[in-house]
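*Asks:* what's the 3D shape of this:
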Amino acid sequence: MRMRWQQMQRAAGGAVLALLATAAIAGAQGAGPLKISSEVGIHTEAWKTDLPALEKATGIKVDLTQFPFQKYREMLMLDYTGGTPSYDVSYASYGWYRSLVNGGYLEPFDSFDLKTLNLDDIPNMSLYPEKGKIYFVPYMNEIAGILYRKDLFEDPKEQAAFRAKYGYPLAPPKTFAQYRDLAEFFHRPPNLYGVSLMGKRSVFLTVHFANRLWGYGGDILDEKMRPAFNSEAGVQALKDLKEMFKYSNPASPTHLFAEAVGEFQQGKSAMIEIWSTVMLYVEDPKTSKVVGKVGFAPIPKTQAMLNKKVPYLYIAWGFIINKASQKKKEAFDFVKFITSRESEIRTAPQGNIPARFSVLDAPAVNQQMPWMRTIKQTMESNILTPIYPWIPEGATISADILPIALTQYLSGEKDAKPALDDTAREVGKLLEKGGYYK
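*Replies:* The predicted structure follows:
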């Protein structure tokens, strides 16, 4: 979910391999600066800008090692499980830390003065406790959304033409029906596509399906942990998704995050269904041709669900502390400083969607990033939900099993209901094996 990777990865590629081969365990031994690992990504670049302020305020010096996102999770897990972890603190996705907790590799933040972290200011904190303790503190939150071209939506000629054809004003979509109308209206290939989508078999395709499944009133699993996505809501969501692909680039079935975002950055589409961090990428004049021309809107719903709270895609990145570290106090002080309200206000304009609600509408942030208010309002009016069901099998369901069913339908291999029913049986067997049904 990051767009600056391409240039940064090329510069960092050779160095990363060397670092992997020589990674020291000094951080776990207590000597030298605080050792931190992270990915190569835009929000890491944001909190890096506050490291000089950290050192000035606390005296803590940081030795940061960054890895390409595609390799980072594997390298992080290998490092922790190898017996001699190299880092005092790691910056990680919220979907990764639970397996490290279960392995006994992480230090709970409850070992320190937890009140000084002011966690009440961070939404969805109830998601993170494991065994009654906090092991993960968010720095970045992001949600799903529709990024749209304000210059097109606010053009008087476009507004008149849209009203003449569809009978209502041109505006960001609130319902799926409006979303389809907008995509159809702006679809003018090959110069402009109605919407940019990520159609390659991956968790990104599951994101598109879940956006619709939730908006139609469905869910991935029910309260009894039974598969629920093969409902009528699931069938309608899948048909809706296939319809939207008609108004995307014909190459969309091969697109992942980078291709879809790059297309939108170059002004080749009127909308993109993505997540909020991409607002930071489209405002980067080094890579974007649509700087100052983009707005953010929530994912649509059906007309019947408009005034109801529904599950809504939520992603977080944050910090974990290595239990083997000999610098746990310094590690805690680092996390407390970088995730503080003051630090997040300073670093948000550098490339971050802040985890703290009080920062999303802080005047200093909104002056530069007024769309942050819409993100906060969207978060407050929906049920923030991970794309992975919050169980160990969640990643397998969302990233491995569901994408197969989605591509089978989208490619014409299977009809919608049989594709979802077959996949529901497979998920049911997985969860039965996991002991969820007694």
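
*Asks:* contacting residues for the spatially most central residue of the chain?
*Replies:* Centroid-nearest residue in the chain: Ile315, 4.0 Å away (criterion: CA atoms, centre = their mean). Ile315 makes contact with 1, 93-94, 141-143, 275, 386-387, according to CB atoms under 8 Å, 6 or more residues apart in numbering. Where C-beta positions appear, they are placed from N, C-alpha and C, glycine not excepted.

*Asks:* just the buried ones from those?
*Replies:* The neighbour count (16 or more other CB atoms under 10 Å) marks 1, 93-94, 141-143, 275, 386-387 as buried among the contacts of Ile315.

*Asks:* strands along the stretch 101-250 of the chain, start to end?
*Replies:* Counting by DSSP state E, counting those that start in this stretch, the stretch 101-250 of the chain has strands at residues 137-149.

*Asks:* any chance you could map the helices in it?
*Replies:* For the stretch 101-250 of the chain, the helices defined by DSSP state H, counting those that start in this stretch occupy 150-153, 156-166, 176-186, 203-215, 232-245.

*Asks:* and of the ones you listed, who's closest to Arg356?
*Replies:* Nearest of those to Arg356, taken as CB to CB: helix 203-215 at 24.5 Å.

*Asks:* quick one: residues in contact with that closest one.
*Replies:* Contacts of helix 203-215 (CB under 8 Å, 6+ apart): 144, 176, 197-199, 219-220, 229, 233-234, 236-238, 240-241, 244, 256-257, 273, 299-302, 305, 310-313, 385, 387, 398-399, 402-403, 406-407.

*Asks:* and Thr254, how many neighbours does it have?
*Replies:* Thr254 has 12 neighbours, counted by other CB atoms under 10 Å.

*Asks:* how many other residues sit next to the residue nearest to it when sequence neighbours are not counted?
*Replies:* Spatially, and ignoring its direct neighbours in sequence, Thr254 is nearest to Lys200 (5.5 Å; CB to CB, 6 or more residues apart in numbering). Neighbour count of Lys200, defined by other CB under 10 Å: 16.

*Asks:* and the one 4 residues further on, by the same measure?
*Replies:* Phe204 is flanked by 21 other residues according to other CB under 10 Å.

*Asks:* what confidence value was assigned to it?
*Replies:* Phe204 is assigned a pLDDT of 94 by the prediction.

*Asks:* and Arg10, by the same measure?
*Replies:* Looking at Arg10, its pLDDT reads 41.

*Asks:* what does the one 5 residues further on give?
*Replies:* Predicted confidence (pLDDT) at Ala15: the value is 41.

*Asks:* in contact with Gly194, which residues?
*Replies:* 182-187, 247-248, 269-271.

*Asks:* ok so, going back, quick check: the farthest pair among the buried ones among the contacts of Ile315?
*Replies:* Greatest spacing in these, by CB to CB: Ser93 and Ile143 (14.9 Å).

*Asks:* shaky segments in this protein?
*Replies:* Residue ranges of the chain with pLDDT under 70: 1-31.

*Asks:* could you chop it up by domain?
*Replies:* 5-142+315-383, 143-312 (automatic domain parsing).

*Asks:* who wins for proximity to Ala424 among those?
*Replies:* The closest of the domains of the chain to Ala424 is domain 143-312. By CB to CB, the value is 3.8 Å.

*Asks:* contact partners for Val427?
*Replies:* Counted by CB under 8 Å, 6+ apart, Val427 has contacts 227, 397, 401-402.

*Asks:* got the buried ones among the contacts of Ile315 as CSV, with distance to Asp361 columns?
*Replies:* Formatted as CSV, those follow (distance: CB to CB, whole Å):
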residue, distance to Asp361
Met1, 23
Ser93, 25
Tyr94, 23
Asn141, 14
Glu142, 16
Ile143, 15
Trp275, 19
Pro386, 24
Ile387, 26
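
*Asks:* sorry, back to before: the residue nearest to the centre of the chain and Met379, how far apart?
*Replies:* 12 Å (CB to CB, to the nearest Å).

*Asks:* anything in contact with each of the two?
*Replies:* Joint contacts of Ile315 and Met379 (CB under 8 Å, 6+ apart) are 141, 143.

*Asks:* check contacts around the residue nearest to Thr254.
*Replies:* Lys200 touches 253-256, counting by CB under 8 Å, 6+ apart.

*Asks:* using the centroid of this structure, identify the residue furthest from it.
*Replies:* Greatest distance from the centre of the chain, by CA atoms, centre = their mean, belongs to Ala164 (37.3 Å).

*Asks:* quick one: closest of the domains of the chain to Gly412.
*Replies:* Of all the domains of the chain, domain 143-312 comes closest under CB to CB, at 9.4 Å.

*Asks:* next, the distance between the ends of that closest one.
*Replies:* The straight-line separation of the ends of domain 143-312 (CA to CA, to the nearest Å) is 7 Å.

*Asks:* and for stretch 429-437?
*Replies:* 10 Å.

*Asks:* and the closest residue to Ala395 other than its chain neighbours, helix, strand or coil?
*Replies:* Spatially, and ignoring its direct neighbours in sequence, Ala395 is nearest to Tyr388 (5.0 Å; CB to CB, 6+ apart). Look at Tyr388: counting by DSSP: H, G, I helix; E, B strand; the rest coil, its state is coil.

*Asks:* was I right about Tyr388 contacting Trp96?
*Replies:* No. Applying CB atoms under 8 Å as the test, Tyr388 and Trp96 come out as separate, 10.5 Å apart.
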